[in-house]
Every structure is written in C-alpha cells, then in structure tokens.
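Colleague: This is the structure alone, sequence omitted:
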C-alpha cells in the first residue's frame, strides 16, 4: 500500500537580513516557479553584474575585446574551483548541447562504428549523435534502462549494447526527463578498458553534485552552469582530458585558433561573453549565503516534500521509483492519458503558466506522463502546497476531458 504521508516540511531558507531567499531573485511572484531544472533562474546580483559588464563593454569595445581573454581565463578558474576540477581541462561553451557538438565534430570518423545512447537521453543530444552516425555511415544503438533500475541493472543495460562495433558511448550523468542518476563512473571505466571514447552529458550536474567529475573517467564531460548553478544563460563547461583535448575547437574560429586547449575557446570573435564573466557571482552567492553542501541537502528535502504533497493530491503512486534519485528533483506520475509523448508533455508545459499559474515541467518516459518537480533555494514548502491545492484540480480536469496536451 502506498504511503502518502508527507515528510516534515523543511524550513524556508532566508537571506542574512531575514528576508525570504526569493528576494535575491527577480522571479514573477504571480507564478509558482517549480521548474528550475529547465532554464534555471538568475539571481539579481548576477543580473546586475552582467549588466555592469555589458555597460563596460559598450563604453569602450576596443578596450574590452583585447582584454577579454584574460578575464575569461580568470572566470574559468573560478568555475573550475566550484566544479572541483583542473581549470587547464575546462573550456566555456554556450550550453551542454554546444559542448556535445564540439566533441562530435572532433571525433575521428570510424566507419562501421556505432554510437550507444540510452532511452533516457536528452533529445537534442541524441539527435546530435544520430547526425554523427549518419556522417559516419553507422547507426545509433539505444540501451533500454528501466526507470527503476539500480546501478547494477543500469550498468548492465548500457554495456549490453557495447561490443567491438561501438565507436562512442554517450551517457547522461543526470537524466532530464526522468530525474535520475546513471552509473557514469562504472561505464566510463569499462569504456576506457575497451578503448571506446566516452562522452558524459552532465547538463544538470553542476550545483546538484558536489564534485561531478571526481572518480569519473571520460574523454569529455559537459555541464550547464545556468541550471542549478544559477549563472546567466549561455554558460556551460566543457571538460576534456587526454588526447581528445588537442582535437577540440570552439564553434567559432578566431585569433586564438592556434592556442592550446582550453585557451583557444576564450576568443570567439565578438561573442558577448558577459554571461561567462558573471557566472562566478551566481555560484558565489549560493556558497557565501547558505553553502552549497547545505543547499543540496535542503533541495532534496524540499523536492521530497513537494513530491509527497502533490502525489497525495493526485492520488498517484508516491514516490516514483527512479532507481537512483538525484537531489532537488522528483517525479510524480500524472493521471492516465496525460503527456504520453514528449510533444504532448511540452504542450502541457506551455499551457501551465496561463492555466495553472505555474511554471512546471511535464515529461514523458516509455509512454507515461510525469510531473518533474524541481526545487531551488527560492522555493518553499508553501509553493508545493499551493500547487497541490490550486493546480492539481486543473490537471485532473485535463485528464477527465481526455486532453493529452497536444
């Protein structure tokens, strides 16, 4: 029998002066913001820092751009410290998908070599892998990983698709649609033993995982800073180790094209790099105000509370067993018939602000629709209580009407 009793509500986080944590953001108070995992949320201080940098750029562009590479290198070092990795291995890119494209462009063609992904993979990354396979004249193999698979079952499901005919493995560290971890360290060790390039999509990892690269053997890893790290959008890290480093080049060749990795990524024509320079402001805000380790624990407590409350209101199974849950995100199963596909799920997401008064993530996996709840420091237990009271009845109405969101 499902236990729908909610755990104790965690106490909301406050700013040092006693104001709610949400006052450090500029989010619309007229909406419930329960989908931090999609596009993040930039704190006021980081927005102000980026605006000041843009003003500086526009006051004297001929001064700004020659000095920019040194400032980007300094920002990279600060970001690397937050990720607990070597700044010599870290380049900045616009987002995780861009980093994936950079890696795919660098890999040598391997005729007859297939690419392994999973059915939890982020759609844009999987499409990029398919494009690479077409260029190579090969195919994509999709490993089917059960939603509730533990580390052993998930590892075995991935490796069951790996043999001598595989030229690349692409694996999510934290899955987007299903909010779970995959055993990237174990798969990476196997890939290294077999001599197969291994790319890790860590889009959600910065902020949610204290040290996402510790113990991880991979050729390349990409992670978004604009999600849980709250950096201005357009900020992501590409970490590469080993021989692949020498083959990686930025999306735009500029005057640093002949520089070594990662320095050649620091100059890309007249790209507005103020988001990169302001990223440490966002990361530092969380660290100095609450501490990232404490925040991760709080987000997990908050997401767990929210999932219980919303699932109880919907009368669905709680919690959804995702095998290896990740801090700060939880799945709640939607009523039968809602969001059976990604397109239908996205349609509900787009309707939610107007009809629910909420920004919410609707996802789909294996023909079943889910609500993916995210939590960040600006959220409080009351947000989830309000969603259960005000939004769940509308979702149930959608289900009664037979709408699938399309």
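Modeller: Structure's in. What do you need? As the structure is a prediction and not an experimental result, all values here were calculated from the model. Numbering: from 1, shown residues only.
Colleague: chain center to the helix or strand containing residue 310: distance?
Modeller: In this structure, residue 310 sits in helix 292-314 according to DSSP states H and E. Mean C-alpha position of helix 292-314 versus that of the full chain (CA atoms, centre = their mean, to the nearest Å) differs by 18 Å.
Colleague: could we number from 46 for the rest of this?
Modeller: All right, first residue 46 from here; so that's helix 337-359.
Colleague: buried set for that helix?
Modeller: Residues 337, 340-341, 343-359 are the ones in helix 337-359 that count as buried (16 or more other CB atoms under 10 Å). (Glycine included, C-beta is placed from N, CA and C.)
Colleague: Report the separation between the most centrally placed residue in the chain and residue 243.
Modeller: Centroid check for the chain by CA atoms, centre = their mean gives residue 249 as the closest residue, at 2.4 Å. According to CB to CB, to the nearest Å, residue 249 stands 18 Å off from residue 243.
Colleague: With residue 204 instead?
Modeller: 12 Å.
Colleague: what's the overlap in contacts for the two?
Modeller: When contacts are counted by CB atoms under 8 Å, 6 or more residues apart in numbering, residue 204 and residue 243 are jointly contacted by residue 232.
Colleague: what about these two, which has more around it?
Modeller: Per other CB atoms under 10 Å, whichever of residue 204 and residue 243 has more neighbours is residue 243, with 23 against 18.
Colleague: Please give me every residue in contact with the nearest residue to that one once chain neighbours are set aside.
Modeller: Nearest residue to residue 243, sequence neighbours excluded (CB to CB, 6 or more residues apart in numbering): residue 236, at 3.9 Å. Counting by CB under 8 Å, 6+ apart, residue 236 touches 207, 214, 242-243, 262-263.
Colleague: Which helix or which strand is home to residue 236?
Modeller: Per DSSP H and E: residue 236 is located in helix 229-239.
Colleague: again with residue 186
Modeller: If you go by DSSP H and E, residue 186 is part of strand 185-188.
Colleague: Any buried residues in stretch 238-249, and which?
Modeller: Those would be 241-249, for stretch 238-249 by 16+ other CB under 10 Å.
Colleague: for stretch 303-311, same thing?
Modeller: 306-311.
Colleague: Can you add distance to residue 99 and give those residues back as TSV?
Modeller: As requested, the buried residues of stretch 303-311 are arranged in TSV below (distance: CB to CB, whole Å):
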residue	distance to residue 99
306	28
307	24
308	24
309	24
310	21
311	18
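Colleague: ok, back up a step: now that we have the contacts of residue 236, can you turn them into a markdown table and tack on pLDDT and distance to residue 290?
Modeller: Listed next are the contacts of residue 236 as a markdown table, based on pLDDT from 0 to 100; distance: CB to CB, whole Å:
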| residue | pLDDT | distance to residue 290 |
| --- | --- | --- |
| 207 | 97 | 24 |
| 214 | 98 | 19 |
| 242 | 96 | 13 |
| 243 | 98 | 14 |
| 262 | 97 | 15 |
| 263 | 97 | 12 |
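Colleague: Tell me which of those residues fall in helices.
Modeller: If you go by DSSP state H, the contacts of residue 236 have nothing in helices.
Colleague: ok, of those residues, which one's closest to residue 54?
Modeller: Taking CB to CB as the measure, residue 54 sits nearest to residue 263 out of the contacts of residue 236, at 38.4 Å.
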